[in-house]
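[1] please work out how this folds:
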Amino acid sequence: MRKPSHSSSAAQSCFLTAPDGLRLHYVDYPCPSTQRLPLICLPGLARSADDFSRVALEINARGRRVIAIDYRGRGQSDWDNDWRNYTLDIEQSDIFATLAKAEISQAVFLGTSRGGMHIMRISAHSPSLVHAAILNDIGPKIENDGLLRIKRYVGKLPPMNSMSDAIALMRITMAPVFPGVDWEDWETYAQHTFIEKNGKVVLRYDPDLSHTLDIVTPGGEYETFWREFEYLKKIQLLVIRGETSDIFSKDTLEEMKRIVPNLQSLTVMGQGHAPLLLDRATIEKITLFLDNCP
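    From the prediction side, this is the model:
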């Protein structure tokens, strides 16, 4: 199942100005029907709106507006001159500004990794905004081993001259914990991660994002989001976990199920952190969940 990221006529690139003047980007998949609440897609730390292209097209075709957001420093949003502004608080302010621009006051949210952290925080800040939620490989507690692994590669890129090099790099570095991903999906994921400029392959995010992981150390302990997670108790909730995830543990998922007994869960076999949201089975599970949201 191969789908373009922004070449579809269903996807529209939109821009706005953040409260501090930075130019931000989001992708709008409009829908003339207002019978279903829109789906807001929030990507991971160094990811972009393109990660949701396949699932967005599927959901949009079923009669729901979809908004996929590029945080500052990612995708087509401007890079910040000060990496200290790549924080959850400032990104959350950007998200609220984007929702205001798109005239959205209530929605269903889908968040991968950092995006799921935003969902928990947003639900605590504005409970009426989050009608239902999908957390992709993230919970209230983040495992240190996974953070250390991410710290080793975020913002770092060996010289590459072609997208073929980029695809090969993705397969070599990630295939051991993503054995269920086929060649076509590696190609798509590489295109979501890199872009060719002036004969070189470069990252689609600001390498200074690596500084957000400066606090990560062996044996480190970090902020948890159990209090924020409590705000999701009264809504419909789907939690996705990669089979080999080193960020989102089975124990954390079980505790989440104890707190939210009606929580639905999906384990994506053959994938780690975070499931790519490109395979048919995962998209169908998300589609079914959304179809059953009141």
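[2] only C-alpha atoms for contact and neighbour calcs from this point on.
    Will do.
[3] identify the residues contacting the strand or helix carrying Ala281?
    Assigned by DSSP states H and E, Ala281 belongs to helix 280-291. Applying C-alpha atoms under 8 Å, 6 or more residues apart in numbering, the contact partners of helix 280-291 are Met1, Val55, Glu58, Ile59, Leu238, Leu266, Val268, Leu277.
[4] show me the residues you listed that map onto strands.
    Here DSSP state E is the test, and the contacts of helix 280-291 give Leu238, Leu266, Val268 as lying in strands.
[5] what sits against the closest residue to the last one other than its chain neighbours?
    To tie it back to what came earlier, the one meant is Val268. Spatial nearest neighbour of Val268, excluding adjacent residues (C-alpha to C-alpha, 6 or more residues apart in numbering): Gly242 at 4.9 Å. Going by C-alpha under 8 Å, 6+ apart, Gly242 touches Asp137, Thr267, Val268, Met269, Gly270, Gln271, Gly272, His273, Ala274, Pro275.
[6] quick one: mean pLDDT over the lengthiest helix in the chain.
    Of all segments of type helix in the chain, defined using DSSP state H, the longest is helix 88-101. Averaging pLDDT along helix 88-101 yields 98.
[7] just stretch 260-275 next, same as before
    Here the average pLDDT along stretch 260-275 is 97.
[8] same thing with stretch 131-146?
    Averaging pLDDT along stretch 131-146 yields 97.
[9] again, but for stretch 64-72
    Average pLDDT, stretch 64-72: 98.
[10] which residues touch that stretch?
    Stretch 64-72 is touched from outside by 22-31, 33-34, 36-43, 48-50, 52, 56, 59-60, 76-80, 86, 91, 94-95, with contacts defined as C-alpha under 8 Å, 6+ apart.
[11] centre of the chain versus that stretch, how much separation?
    Relative to the centre of its chain, stretch 64-72 is centred 10 Å away, using C-alpha atoms, centre = their mean, to the nearest Å.
[12] any buried residues in it, and which?
    Residues of stretch 64-72 classed as buried: Arg64, Arg65, Val66, Ile67, Ala68, Ile69, Asp70, Tyr71, Arg72 (neighbour count, 16 or more other C-alpha atoms under 10 Å).
[13] how about the helices in the stretch 1-150 of the chain?
    In the stretch 1-150 of the chain, the helices defined using DSSP state H, counting those that start in this stretch lie at 53-61, 88-101, 114-125, 144-153.
[14] any chance of the buried residues of stretch 64-72 in CSV, plus distance to Trp186?
    Listed next are the buried residues of stretch 64-72 as CSV, based on distance: C-alpha to C-alpha, whole Å:
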residue, distance to Trp186
Arg64, 28
Arg65, 27
Val66, 24
Ile67, 24
Ala68, 21
Ile69, 22
Asp70, 21
Tyr71, 23
Arg72, 25
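[15] out of those residues, list just those in strands.
    Those of the buried residues of stretch 64-72 lying in strands (DSSP E): Val66, Ile67, Ala68, Ile69, Asp70.
[16] flag the shaky bits of the protein, pLDDT-wise.
    Counting by pLDDT under 70, the chain contains low-confidence ranges at 1-9.
[17] make it 50
    By pLDDT under 50, the low-scoring segments of the chain are 1-8.
[18] please enumerate the strands of it.
    12-17, 23-29, 39-42, 66-70, 107-112, 130-136, 194-197, 200-203, 236-242, 264-268.
[19] show me what the first one is packed against.
    Here strand 12-17 touches strand 23-29, going by 3 or more C-alpha pairs under 8 Å, 6 or more residues apart in numbering; DSSP states H and E.
[20] now for Ser162, how many residues are close by?
    16 (other C-alpha atoms under 10 Å).
[21] can you report phi and psi for it?
    Main-chain torsions, Ser162, degrees, to the nearest 10: phi -150, psi 160.
[22] how about it, what does it touch?
    Glu196, Gly199, Lys200, Val201.
[23] hmm, try it at 10 Å
    By C-alpha atoms under 10 Å, 6 or more residues apart in numbering, the contact list for Ser162 reads Phe194, Ile195, Glu196, Lys197, Gly199, Lys200, Val201, Val202.
[24] which one (most neighbours) among the residues you listed?
    Most neighbours among the contacts of Ser162, by other C-alpha under 10 Å: Val202, with 22 neighbours.
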